[in-house]
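S.K.: Predicted structure and sequence below. I'll ask about it afterward.
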Amino acid sequence: MVTRGFTGRRPARPDAERLPPGQYLTEDFPVLQLGPTPKIDLARWRFTLREGSKPLKSWSWAEFEALPRTRWKGDIHCVTKWSKFDTAWEGVTIDDLLAAAGIAAPTAYLLAEGYDDYTTNVPVADLTGAKAMVATRYAGEPIPPDHGGPARLLVPHLYFWKSAKWVKGLRFTQKDEAGFWELRGYHMVGDPWREQRFTGD
């Protein structure tokens, strides 16, 4: 795993009330990843919704960028205990993706899938209702590759491993299937306010 850019501190009140238990505030944006950053050609990039192995809808980069855009500003929290306040993102909400596909979520669960073969499980209820987006811009600029660009899932109310980098699609599943880190002992939900870091927390 690659980790860099971390310096942490406990904030003064009232900011401390924004910090989940066990977390430290950082002004940096640490980089954590399993291996090399994948090289993604936007001319070949696609984002696909699937139910199991069945494709439901797919977009090219140009088509995806033409979808309705939403901006979000708020705090993010990593399971490695850093938090960053007031991050600014722009992308396509999961609600707008489903609307553009002309479908309702066919199941209650899904796996987010990355171009690096990373997966993470997220219940649909944690993605819809304006809770999550596929982000393509950070701080007003295209997301850098080290931070998951050209597109990453953003689920800010859960630990940040749920916000899959280099995302290429969402695969709906009949049951709550564990993804990469969940298979290795990380929590199936990952709520930072409940300190759901590992199975059993």
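M.R.: Sure, I can see it.

S.K.: which residues sit in contact with residue 135?
M.R.: Applying Cβ atoms under 8 Å, 6 or more residues apart in numbering to residue 135 gives the contacts 89-91, 143, 151-154. Yep, even glycine has a C-beta here, placed from its N, CA and C like the rest.

S.K.: What are the neighbouring residues in contact with residue 23?
M.R.: So residue 23 contacts 77, 81-83, 192 (Cβ under 8 Å, 6+ apart).

S.K.: any idea which of the residues you listed is closest to residue 110?
M.R.: Residue 110 lies nearest to residue 192 out of the contacts of residue 23, by Cβ to Cβ, at 20.6 Å.

S.K.: so the closest one touches residue 159, yeah?
M.R.: Yes: counting by Cβ atoms under 8 Å, residue 159 is a contact partner of residue 192 at 5.4 Å.

S.K.: Look at the two and report which has more neighbours.
M.R.: residue 159 (27 against 24; other Cβ atoms under 10 Å).

S.K.: Thought residue 198 was touching the more buried one, still the case?
M.R.: No: counting by Cβ under 8 Å, residue 159 stays clear of residue 198, with 10.7 Å between them.

S.K.: what do these two both touch?
M.R.: Taking Cβ under 8 Å, 6+ apart as the contact rule, residue 159 and residue 198 both touch residue 187.

S.K.: helix or strand for residue 57, which one?
M.R.: Following DSSP states H and E, one finds residue 57 within strand 54-60.

S.K.: Next SSE downstream of that strand?
M.R.: Next helix or strand after strand 54-60 toward the C-terminus (DSSP H and E): helix 61-65.

S.K.: Give the buried residues for that next one.
M.R.: For helix 61-65, a neighbour-count test (16 or more other Cβ atoms under 10 Å) marks 61, 64 as buried.
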